[in-house]
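Asker: All I have is the shape, not the residue letters:
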Ligand SMILES: Cc1cc2nc3c(=O)[nH]c(=O)nc-3n(C[C@H](O)[C@H](O)[C@H](O)COP(=O)(O)OP(=O)(O)OC[C@H]3O[C@@H](n4cnc5c(N)ncnc54)[C@H](O)[C@@H]3O)c2cc1C
């Protein structure tokens, strides 16, 4: 029996764990990945807006978070596969069969990248589907297709255009949603072609990605374009499948909370991006983790 079970070890979960430890709560953190840090592991640009720390990238900031939790007494299990969660009973069952019980649960499961759900997308993982702009050098000299129309898609198109002969940005809408300066840079870059009102139907290849099938508005039929890399940046969605039918969420699955980070289930809290559809930030996640821990400690009179 633990005081608190924290699900997810990104900035929100780690902050909650740090505070729970400081407040004398017996805490276990469960992380599905081998490495902790959440989205920080995907951030390759410098982080300038987390007050008090300037970091060259997400990993550097994540390493500082880890360093600052090293001496804490909370338990942290990585590579954990959760089979089911009973929020009312505060019981978590792992795929290994182990059952965990607590007084409070903090949901800190963050976001994942949205998928297109088209043929080839999963098949070519690590074989031409590009996970991160950190893999850019492996695609130097190759033709790449970026799917999406927001900031992340535009930023990736610009980054890959520095090393690739052609980058085709495929966007289903009439207008790009990216920041104006990104859009201006896209249009001024001779390596980048933008297909608006266009949809990628499938990713084609044998051993690796060889082409994408694109349908453009007004065209008679879809056509195939040869590329060796595909990067999908069509937004994020919350990791809430495990509990979505047990608590209140918005229509997109983000957990609904009050100002104390409480969900609609007693003694179940949600912190960070999973409960913050409007302004997801590292600062917000870290602050929310602290709030949840303090509310729990006050309730348990610690
Ligand atoms: C490219 C990029 C750049 C960014 N730049 C900035 C920036 O400059 N400044 C800024 O403030 N923010 C930035 N952000 C956003 C910031 O990274 C997030 O707001 C922050 O990481 C949210 O922290 P979190 O802990 O709520 O969620 P996450 O970081 O998403 O962490 C959630 C954790 O929960 C784990 N998890 C999920 N489901 C389960 C499960 N079932 N069982 C166990 N574990 C689970 C995940 O594996 C993950 O480790 C950026 C994000 C990206 C992608």
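Answerer: Ah, there it is. As the structure is a prediction and not an experimental result, all values here were calculated from the model. Numbering: from 1, shown residues only.
Asker: Those residues of the stretch 151-300 of the chain touching the ligand, which are they?
Answerer: 239, 242, 272-274, 280-283, 285 (Cβ under 6 Å from any ligand atom). For glycine as for every other residue, the C-beta is placed from the backbone atoms N, C-alpha and C.
Asker: Could you identify the longest helix within this protein?
Answerer: If you go by DSSP state H, the chain has its longest helix at helix 282-299.
Asker: Who are the packing partners of that one?
Answerer: Packing partners of helix 282-299 (3 or more Cβ pairs under 8 Å, 6 or more residues apart in numbering; DSSP states H and E): strand 2-7, helix 11-22, strand 99-107, strand 268-270.
Asker: Report the buried residues of stretch 92-109.
Answerer: Residues of stretch 92-109 classed as buried under the neighbour-count rule (16 or more other Cβ atoms under 10 Å) are 92, 100, 102-109.
Asker: Then stretch 32-48?
Answerer: So stretch 32-48, judged by 16+ other Cβ under 10 Å, has buried residues 36-44, 47.
Asker: Quick one: residues in contact with it.
Answerer: 8-14, 53-62, 65-66, 76, 78-82, 110-111, 132-134, 273, 282 (Cβ atoms under 8 Å, 6 or more residues apart in numbering).
Asker: What of stretch 281-298?
Answerer: By Cβ under 8 Å, 6+ apart, stretch 281-298 touches 3-4, 10-20, 22-25, 40, 47, 49-51, 61, 103-104, 106, 108, 110, 260-262, 267, 269, 271-273, 275-276.
Asker: likewise stretch 149-167?
Answerer: 133, 136-137, 139-147, 169, 171-173, 175-179, 182-183, 185-186, 189, 191-193, 196, 229, 231, 233-235.
Asker: What separation do you get for the residue sitting furthest away from the middle of the chain and residue 226?
Answerer: Seen from the C-alpha centroid of the chain, the residue lying at the greatest distance (Cα atoms, centre = their mean) is residue 220, 37.0 Å away. Residue 220 sits 20 Å away from residue 226, going by Cβ to Cβ, to the nearest Å.
Asker: same check, this time on residue 124
Answerer: 14 Å.
Asker: out of these two, which sits in the more crowded spot?
Answerer: Neighbour comparison, residue 124 and residue 226: the larger count goes to residue 124, with 20 against 12 (by other Cβ atoms under 10 Å).
Asker: what residues are up against the more buried one?
Answerer: By Cβ under 8 Å, 6+ apart, residue 124 lies in contact with 203, 205, 208-209, 230.
Asker: if we go to 7 Å?
Answerer: By Cβ atoms under 7 Å, 6 or more residues apart in numbering, the contact list for residue 124 reads 203, 205, 208-209.
Asker: With distance to residue 165 as extra columns, can I get the residues you listed in TSV?
Answerer: What follows is the contacts of residue 124, written out as TSV (distance: Cβ to Cβ, whole Å):
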residue	distance to residue 165
203	20
205	19
208	17
209	16
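Asker: Show the buried residues in those.
Answerer: Buried among the contacts of residue 124 by 16+ other Cβ under 10 Å: 203, 205, 209.
Asker: Quick one: end-to-end distance for stretch 150-168.
Answerer: Taking Cα to Cα, to the nearest Å, stretch 150-168 runs 14 Å from one end to the other.
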